[in-house]
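1. Below: sequence and its predicted model.
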Amino acid sequence: MDSVLRVEQIEKYFGNKGNVTKAIDNISFSIEKGEFVGIMGPSGSGKTTLLNCISTIDHVTTGNIQINGTDITQLKGGRLEKFRRDELGFIFQDFNLLDTLTGFENIAIALTIQGRNPSEITQLVEKAAAKLEITSVLNKFPYQMSGGQKQRVASARAIVTNPSIILADEPTGALDSKSSRLLLDAFEKLNDEMQATILMVTHDAFTASYAKRILFIKDGKVFNELIRGTDSRKEFFSRIIEVVTLLGGDTNNVF
């Protein structure tokens, strides 16, 4: 299989000479095309810093991160902006939709920036909306949508350019249980039917159980790894809870 993401011995330090914090401590792993990988860990474990480095929001102190063979730690300026726009799809906890644009227009932004022609944009937006079952809200503004609909519009925006990898940061954090399940079912569909490569940070074991593999981060290092294999989602959830307990004991407030 081809590695979409390769993280090689990365470290990240914050602070100055007198007060240095090591947020990431020599982490290495890879993600193959079509994988759905979750990252979990206690607060302060480094999982968000790790995602920020992979998403080019932050920079590693040492080590390398490659996406489709391109070392993103070496990209700067316009080259970095173009790579981010063309190769990465982002899904945030707070949706990040533009209130003055319709669902259609929010999804179409990235395609417009890429210079796609209007008929192609319409076709791609409608296809993404159909996959995520949000065709009915394409003409609505964010204030007219439920939280779950907003997050699925944000997800459509993330996949419409066919990025190399989708990076999701606590995507269900602002959703109720029903909306969370609908979104996660959509993620599962994107992964199974479109072979979308997804890397998702979550504190929630139920959300993590939709992934095919989980990396657990503790004190800036990979503490454990679980592979779902042939387990049902319920069985995988139980195994995740066991590791969460090892990480901190109380599954209600560890994450």
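-> Now that the structure is in, tell me what you want to look at. In this text, all values refer to a predicted model and were calculated from it rather than measured experimentally.

2. CA atoms for contacts and neighbours, from now on please.
-> Noted.

3. hey, where'd the strands end up in the protein?
-> 3-16, 19-32, 36-40, 62-67, 70-71, 88-91, 165-169, 198-201, 213-218, 221-227 (DSSP state E).

4. For Leu138, find the nearest of these.
-> strand 88-91 (17.9 Å; C-alpha to C-alpha).

5. Give me the buried stretch members for stretch 239-250, please.
-> Arg239, Ile240, Ile241, Val243, Val244, Leu247 (16 or more other C-alpha atoms under 10 Å).

6. now, which of these sits nearest Met194?
-> Nearest member of the buried residues of stretch 239-250 to Met194, counting by C-alpha to C-alpha, is Ile240, at 25.9 Å.

7. Which pLDDT value belongs to that closest one?
-> What the model reports as pLDDT for Ile240 is 96.

8. May I have the residues that are in contact with the nearest residue to it once chain neighbours are set aside?
-> Counting by C-alpha to C-alpha, 6 or more residues apart in numbering, Ala205 is the residue found nearest to Ile240 once chain neighbours are left out, at 6.4 Å. By C-alpha atoms under 8 Å, 6 or more residues apart in numbering, Ala205 lies in contact with Phe237, Ile240, Ile241.

9. Recalculate using a threshold of 10 Å.
-> Gly38, Met40, Phe236, Phe237, Ser238, Arg239, Ile240, Ile241, Val244, Thr251, Phe255 (C-alpha atoms under 10 Å, 6 or more residues apart in numbering).

10. who's in contact with Ala208?
-> 36-40, 184, 200-202, 214, 233, 236-237, 240.

11. Kindly recompute the last result at 8 Å.
-> Counted by C-alpha under 8 Å, 6+ apart, Ala208 has contacts Gly38, Ile39, Met40, Thr202, Ile214, Phe237, Ile240.

12. So which of the contacts of Ala205 is the closest to Lys178?
-> Phe237 (17.7 Å).

13. Per-residue pLDDT of the closest residue to the closest one other than its chain neighbours, please?
-> Closest residue in space to Phe237, ignoring its immediate chain neighbours: Ser209 at 5.1 Å, by C-alpha to C-alpha, 6+ apart. According to the prediction, Ser209 has pLDDT 96.

14. What is the neighbour count of Ser209?
-> 23 (other C-alpha atoms under 10 Å).

15. One more: Lys82?
-> 14.

16. Which single helix of this protein contains the most residues?
-> helix 177-194 (DSSP state H).

17. Pull the residues that contact that helix.
-> 34-36, 131-132, 147-149, 151-152, 172, 196-198, 207, 210-211.

18. Now do it against strand 36-40, angle only.
-> With axes from the mean of the first three to the mean of the last three C-alpha atoms, to 10 degrees defining the directions, helix 177-194 sits at 140 degrees from strand 36-40.

19. and helix 177-194, which residues are buried?
-> Ser179, Ser180, Arg181, Leu182, Leu183, Leu184, Ala186, Phe187, Glu188, Leu190, Asn191.

20. Narrow the contacts of Ala205 to those in helices?
-> Using DSSP H, those in helices are Phe236, Phe237, Ser238, Arg239, Ile240, Ile241, Val244.

21. Grab the nearest non-local neighbour of Ser155.
-> Per C-alpha to C-alpha, 6+ apart, closest to Ser155 is Ile91, 6.0 Å.

22. go on, Asp58?
-> Per C-alpha to C-alpha, 6+ apart, closest to Asp58 is Asn52, 5.3 Å.
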